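Peer 1: sequence and predicted structure are below.
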Amino acid sequence: MPTTPTIQGQSAYWGIPSGTYGAGVVTRIIRDLDGETAFLYDGNGYTISEILYDDKETFTVELVMDSVNFPFSALPTRGTVITIDGVATCIAQKRGITYEQKGWRTANITAVSFANLTPS
């Protein structure tokens, strides 16, 4: 007798400007620390100092979507402040949907949180 599959996973929540919320099953979160870099060179052109500034974290989230409950319009638009992995200052940069043969339809959200910027 076949068993019924059970889907287990963490839910992702993001704010929509209208005040409503959506959820989906997270399949991947990539969290990178990045920023700007400048170099100081000596008279011979050798690097003697590296300056790291304007730190930012970049988040890429992939989550499984349901065709009825999660239309493309429900994803956060560019500039929307969202919470990802407990960071409440992420600014949505990009959104998209991936269709895959023999795979789940997934939403892809890219957001950035700058260390020295407080979104309003």
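Peer 2: Received, thanks. Numbers count the residues shown, from 1 in each chain.
Peer 1: now the strands for this structure?
Peer 2: Ranges of strands within the chain are 11-15, 21-41, 47-64, 81-84, 87-98, 106-114, based on DSSP state E.
Peer 1: what's the closest of those to residue 72?
Peer 2: Nearest to residue 72 among these is strand 87-98; the distance by C-beta to C-beta comes to 5.9 Å. In short, each C-beta sits where N, CA and C put it, glycine included.
Peer 1: helices or strands up against that closest one?
Peer 2: strand 47-64, strand 81-84, strand 106-114 (3 or more C-beta pairs under 8 Å, 6 or more residues apart in numbering; DSSP states H and E).
Peer 1: now it: how far from the chain's centre is it?
Peer 2: Relative to its chain's centre, strand 87-98 lies at 5 Å (C-alpha atoms, centre = their mean, to the nearest Å).
Peer 1: could you do stretch 27-45 as well?
Peer 2: Centroid separation for stretch 27-45 versus its chain: 20 Å, with C-alpha atoms, centre = their mean.
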